[in-house]
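A.B. asks: predicted model and sequence follow; I will ask about them next.
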Amino acid sequence: MPLNQLFRTDDSTRNLWLRLVLAGVMAPHGAQKLLGWFGGYGFSGTMGFFTDKLGLPAPIALLVIVAESFGALALAAGFLTRAAAAGIVAVMAGAVLMAHAPHGFFMNWFGNQAGEGYEYHLLVIGIAGVLVATGAGRASVDALIARRLAARPGGAATAAATA
């Protein structure tokens, strides 16, 4: 993907809100996995669970932790939004396929299922998918970078894409 496409966005408030909400929801999950906050197991415990119990290769387990923790921070800043959101789509799709699909659609609100369903994951995939397709929106580092790229010699062709 060319640089101008990676950072291209509009000035929408819609995408600002989508990425802030998604960052706010994903950051605690990332903090559980990376730092052990909010009842999580921290980096070592999460790596052990992913590799030993789930059978994920260590590089994939690491990418899950990075996507949920640093990806959430990147979304909050609107930096590399498309890449961060794509990482979250991949993580959520993997979670559905590996753990949640057998439990059906609904979350386990009342404890009467063997596990959690995948409705939450679909919402996250939907929000992140919009950000992958349309970019960070207003008040983002991506928009600033896109404007600077457009201002460079030969960058006039990207100016329309960042307006």
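C.D. replies: Ah, there it is. Numbering: from 1, shown residues only.
A.B. asks: how about Gly137: what's its closest non-neighbour residue?
C.D. replies: Excluding its sequence neighbours, the residue lying closest to Gly137 (Cβ to Cβ, 6 or more residues apart in numbering) is Asn15, at 2.7 Å. For glycine as for every other residue, the C-beta is placed from the backbone atoms N, C-alpha and C.
A.B. asks: likewise for Ala74?
C.D. replies: Leaving aside its sequence neighbours, Ala74 sits nearest to Ala84 (Cβ to Cβ, 6+ apart; 4.1 Å).
A.B. asks: cool, Leu75 as well?
C.D. replies: Ala23 (3.9 Å).
A.B. asks: name the helix or strand for that neighbour, please.
C.D. replies: Assigned by DSSP states H and E, Ala23 falls within helix 13-35.
A.B. asks: hmm, back to that, how near is the residue nearest to Ala74 to Gly135?
C.D. replies: 11 Å (Cβ to Cβ, to the nearest Å).
A.B. asks: okay, those two: which has more neighbours?
C.D. replies: Ala84 (29 against 26; other Cβ atoms under 10 Å).
A.B. asks: secondary structure element holding the residue nearest the centre of the chain?
C.D. replies: In the chain, the residue lying closest to the centroid (Cα atoms, centre = their mean) is Ile88, at 3.2 Å. When elements are assigned from DSSP H and E, Ile88 belongs to helix 81-95.
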